[in-house]
Structures are given as structure tokens and as C-alpha cells.
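Undergrad: No letters, just coordinates:
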């Protein structure tokens, strides 16, 4: 059986979590990314060997969503270094187009 004190504590906990998400959203936006992308980068900084499935569990999204979030995040940066995104991964665009090769993980 829950008491009024327990209910009040849970309400405050949920409210604090909401405020923290708002704050994280603001920080992520200042860096040009979404909260999910920012969380993925933080987890990868802490544990670089995490798999796509493990990241999906930590961020509470499906694995395909992690892939899409990462692609949307890295594509602009990769393009600055001469890569372009396509369905199979990233391809080098600098130099001869006949010598372009796919880069995927």
C-alpha cells in the first residue's frame, strides 16, 4: 500500500526527471544535436565498445533508430572530409569517382 508521502516523492521524482530532460535538450541543441544523439555520444565516450543493440537499450529506442541517429549525426561531419552517405554506408567522393570505395562498419 502506498502512502501520500510515497506518492509525493514519486511525483517529485518524475518532475525532476522532466526538468533534467528539458535541460539536456537545451544543451544538446546548443551543440547541434538531439538529446538521443548526445546520450549516444556520452555512452560511447564512456564505453566505446558498445554495440548498436546495447546503445539502443541504454537510449531506450530500437537498434535501427540508433543507426539512423548516428548517420544523421556523422553525415555532415563526414561530408566535410570528402565522404557522402548512401544506402550501403559512406563512400569517398574526393578524387576520381571511379576510384570511390564504400566505407561501412
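TA: Here it is on my side, so go on. What you are looking at is a predicted structure, and each value in this text was computed from that prediction instead of being measured.
Undergrad: I'd assumed residue 25 was in contact with residue 35.
TA: Yes. If you go by Cβ atoms under 8 Å, residue 35 and residue 25 touch, sitting 5.1 Å apart. The C-beta positions use only the backbone N, C-alpha and C, and glycine is treated the same way.
Undergrad: higher neighbour count, the two?
TA: A count of neighbours by other Cβ atoms under 10 Å puts residue 35 above the other of residue 35 and residue 25, at 17 against 13.
Undergrad: can you pull the contacts of that one?
TA: Contacts for residue 35 (Cβ atoms under 8 Å, 6 or more residues apart in numbering) come out as 21, 24, 25, 28.
Undergrad: and the longest helix for this protein?
TA: The residue-count maximum for a helix in the chain (DSSP state H) belongs to helix 4-30.
Undergrad: can you pull the buried residues of the helix or strand just after it?
TA: Downstream of helix 4-30, the first helix or strand assigned by DSSP states H and E is helix 35-46. Residues of helix 35-46 classed as buried under the neighbour-count rule (16 or more other Cβ atoms under 10 Å) are 35, 36, 37, 38, 39, 40, 41.
Undergrad: Quickly name whichever of those residues is closest to residue 50.
TA: Nearest to residue 50 among the buried residues of helix 35-46 is residue 40, at 9.0 Å by Cβ to Cβ.
Undergrad: tell me the contacts of that closest one?
TA: Counting by Cβ under 8 Å, 6+ apart, residue 40 touches 55, 59, 66, 69, 70, 73.
Undergrad: what packs against the one helix or strand residue 76 maps to?
TA: According to DSSP H and E, residue 76 maps onto helix 63-80. Contact partners of helix 63-80 among helices and strands, from 3 or more Cβ pairs under 8 Å, 6 or more residues apart in numbering; DSSP states H and E: helix 35-46, helix 52-59, strand 83-86.
Undergrad: Which segments of this structure make up each domain?
TA: Per the record, the chain has its domains at 1-30, 31-103, by automatic domain parsing.
Undergrad: So in the protein, where's the weakest helix or strand by average pLDDT?
TA: Ranked by mean pLDDT, DSSP states H and E, the helix or strand of the chain with the weakest confidence is strand 102-103, at a mean of 41.
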